[in-house]
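predicted structure and sequence below. I'll ask about it afterward.
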Amino acid sequence: MKIFIPMAGKGTRLRPFTLTCPKPLINILDKPIVEHLIDQITSKVESNIDEIVYILGDELYFNSEVVNSLKIISEKYNAKTKIYRQLEQLGTGHAIMCAEESLSGPSIIAYADTMIQGNIEIDTNVDGIMWVKKVDNPSSYGVVNLDNENKIIELIEKPSEFISDLAVVGIYYFKEAANLRGYLKNHLSEKLSPGKEYHLNYGIEKMIKNGDSFIPKEIDVWMDCGTPELLLNSTKIIMDAYPNNINNNETYDKEVIINPPVFIGKNVKIQNSTIGPYVSIGDNCLIENTKINNSIIFKGVKVNNSSIDNSIIGSYSIYEGSGSEIFLGDNTKSKKL
């Protein structure tokens, strides 16, 4: 089994935190977003993952340090790493075809900004699976249209009339990825009109029309990490799912109050402060005389004489002050009265 992860975008909605770090490598608690995704897939799929294929953008942003980080993640799952580059943003179908030579055999395609919780077991009796989630406003999503045998017959993007409430979450299984490759290759030979893109759905729809069977599988939780607010919300969801696994065993003095759920990294010093609930603190931080709620503090941060709520403080920053929805980028010094 192979996993294909397109991640060539620069995560502009999540700035300033993506100015120096690609969104999929931003940590949520103890691991990057992309590792949470791989972990969820590998924990449910019975087949061995032989290779993880990452489709990156240009080398200036997705540099050797990024590649090395991805290799380390793959090694945790005993999988080989394959790197491809998408140097033009021409759509999801184009991104997958940048890895054309690897498109063969049983494969999962998963978008790197998707995190899920729920059943993603593989049914090898079908040609493909699309994971879906029931939503209240299907007109804002791409949804699946099903026949009376619960097979997918059509994909509809943001339907104006109700078709179904099952939104596609961005994770797909293909029993034979070479079939998808053939249709996408034809798609990429077409000349695009200005502003148009090559879509993965084109290949899937062609497979369905030519007799391949695709079924939906519903997940429990679908998380988006595309903006600072959504990143905070996703962190809270993960904390609620694993409340007994995120509190470390450090002992702090009597002037420190910990209100779980809280994640605290290694070599963190906390003095005269109240932490939590829903707070994640990265490694090597110093927190003094501070109250923190519903916030993410990345590694190497120093916070003093502060009260912080619904905020994110970037790595190696220094902050002093009070407020809500403070989104401070990496390596920044800020004092807010």
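Okay, I see it.

residue contacts, residue 99?
Residue 99 makes contact with 4, 53, 55, 82, 84 under the criterion Cβ atoms under 8 Å, 6 or more residues apart in numbering. The way it works is simple: take the backbone N, C-alpha and C, and place the C-beta from them, glycine included.

tell me the spacing between the closest residue to residue 7 other than its chain neighbours and residue 70.
Leaving out its chain neighbours, the residue that sits closest to residue 7 by Cβ to Cβ, 6 or more residues apart in numbering is residue 112, at 3.8 Å. From residue 112 across to residue 70, the span is 10 Å (Cβ to Cβ, to the nearest Å).

just residue 273 next, same as before
35 Å.

so between these two, which is more surrounded?
residue 70 (25 against 19; other Cβ atoms under 10 Å).

so the more buried one makes contact with residue 80?
No: taking contacts as Cβ atoms under 8 Å, residue 70 lies outside contact range of residue 80: 11.5 Å.

need the residues touching each of these two.
By Cβ under 8 Å, 6+ apart, the residues touching both residue 70 and residue 80 are residue 52.

what backbone torsions are found at the nearest residue to residue 179 once chain neighbours are set aside?
Take residue 179 and drop its neighbours on the chain: the residue closest to it by Cβ to Cβ, 6+ apart is residue 207, 5.9 Å away. Here is the backbone geometry of residue 207 (degrees, to the nearest 10): phi -60, psi -40.

just give the number of residues close to residue 207.
Using other Cβ under 10 Å, residue 207 has 20 neighbouring residues.

try residue 320
Neighbourhood size, residue 320 [other Cβ under 10 Å]: 17.

same question, residue 302
Using other Cβ under 10 Å, residue 302 is surrounded by 18 other residues.

close enough to count as contact, it and residue 289?
No: in this structure, residue 302 is not within contact of residue 289 by Cβ under 8 Å, at 11.7 Å.

ok so, going back, what residues are shared contacts of residue 112 and residue 70?
Common neighbours of residue 112 and residue 70 (Cβ under 8 Å, 6+ apart) are residue 34.

what segments of the stretch 51-200 of the chain are strands?
Counting by DSSP state E, counting those that start in this stretch, one finds strands in the stretch 51-200 of the chain at the ranges 51-56, 80-85, 107-110, 114-117, 128-134, 142-146, 152-157, 166-174.

what helices and strands are in contact with the longest one?
Looking back up the chat, that one is strand 166-174. Packing partners of strand 166-174 (3 or more Cβ pairs under 8 Å, 6 or more residues apart in numbering; DSSP states H and E): strand 107-110, strand 114-117, strand 128-134, strand 142-146.

ditto for the second one
Packed against strand 80-85, as judged by 3+ Cβ pairs under 8 Å, 6+ apart, are the following elements: strand 51-56, helix 64-76.

tell me, what residue is most central in this structure?
Nearest residue to the geometric centre of the chain (Cα atoms, centre = their mean): residue 113, 3.1 Å.

circling back to that earlier point, pretty sure the residue nearest to residue 7 sits against residue 11.
No: between residue 112 and residue 11 no contact is recorded; they are 9.5 Å apart, counting by Cβ under 8 Å.

picking that back up, worst average pLDDT in the strands of the stretch 51-200 of the chain?
Between the strands of the stretch 51-200 of the chain, the lowest average pLDDT goes to strand 114-117, which shows a mean of 78.
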